[in-house]
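**Q** sharing a sequence plus its predicted fold:
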Amino acid sequence: NTDLKLSIIYFGMERKMFMYTSKYISRLIFQKEGLNIPFKKILGRGDDKLSNIEHKMVLKYMDVLKDWQKDETLICFENSKNPTGISKFVEEFAKKHGEIIPRKDGALESKSYKPNHPNHLVLLITDHVGLLKSERVDGVKKQNIDKFSDTMRDARDLYGFSPIVVQQ
């Protein structure tokens, strides 16, 4: 079945996005063009500068990443986020791409979710959970991680998203 919609939401709390982007572009160019351009050269580090051909290739593959961002195949955040902010973003993303159905009458009922696209696969990647920003009120790391865990459980159980959490 090729009727699949993919969204990757990446919360990169450890490194800046330009580091990941340059490494990925380096890899894409090598895979597609067979040309090895080290990521440090793409970043302009060192004495070795990009040739005109290499520069054009980097720009070409930057456009691929921009296209992914436009259609929400790839959504990236850098710097620490708190569990509440992540939770709000995940819920807004779910609302944008589906319908949150309120809980029905009854104490044991819970709300449910119906995606607009029946095969929308959403990966939530958090790198890494130890760098979560503290909540304003409590600020205790254990409570932060517990709250974050609740967010990821809701993302999985309610929206059908696939959380991936990196721990260190």
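**A** Yes, it's here. Numbering: from 1, shown residues only.
**Q** all helices of the chain, in order?
**A** Taking DSSP state H as the test, the helices found in the chain are 17-33, 39-42, 52-70, 83-96, 141-157.
**Q** relative to helix 52-70, how tilted is the first one?
**A** Just to be clear, that refers to helix 17-33. Here helix 17-33 points in a direction 110 degrees away from that of helix 52-70 (axes from the mean of the first three to the mean of the last three C-alpha atoms, to 10 degrees).
**Q** which of the helices of the chain comes out lowest on mean pLDDT?
**A** Sorting the helices of the chain by mean pLDDT places helix 141-157 lowest, at a mean of 85.
**Q** re earlier: closest to residue 124 out of the helices of the chain?
**A** helix 141-157 (5.7 Å; C-beta to C-beta). C-beta: built from backbone N, CA, C; applies to glycine.
**Q** what pLDDT is listed against the closest residue to residue 7 other than its chain neighbours?
**A** In this structure, residue 7 finds its nearest non-sequential neighbour in residue 122, 4.7 Å apart by C-beta to C-beta, 6 or more residues apart in numbering. In the predicted model, residue 122 carries a pLDDT score of 93.
**Q** residue 122 and residue 11: what is the separation?
**A** 13 Å (C-beta to C-beta, to the nearest Å).
**Q** so who does residue 4 touch?
**A** Counting by C-beta atoms under 8 Å, 6 or more residues apart in numbering, residue 4 touches 119, 121.
**Q** ok, 6 Å please
**A** Contact analysis of residue 4 by C-beta atoms under 6 Å, 6 or more residues apart in numbering lists residue 119.
**Q** got phi/psi on it?
**A** Dihedral pair for residue 4: phi -120, psi 140, per degrees, to the nearest 10.
**Q** could you check how far it is from residue 96?
**A** For residue 4, the distance to residue 96 (C-beta to C-beta) stands at 18 Å.
**Q** likewise for residue 132?
**A** Counting by C-beta to C-beta, the gap from residue 132 to residue 96 is 24 Å.
**Q** more crowded one of those two?
**A** Taking neighbours as other C-beta atoms under 10 Å, residue 132 and residue 96 compare with residue 132 leading, 21 against 9.
**Q** and the closest residue to that one other than its chain neighbours, how many residues sit next to it?
**A** Spatial nearest neighbour of residue 132, excluding adjacent residues (C-beta to C-beta, 6+ apart): residue 144 at 5.0 Å. Residue 144 is flanked by 20 other residues according to other C-beta under 10 Å.
**Q** surely residue 144 touches residue 133?
**A** No. Residue 144 is not in contact with residue 133 according to C-beta atoms under 6 Å; the separation is 8.0 Å.
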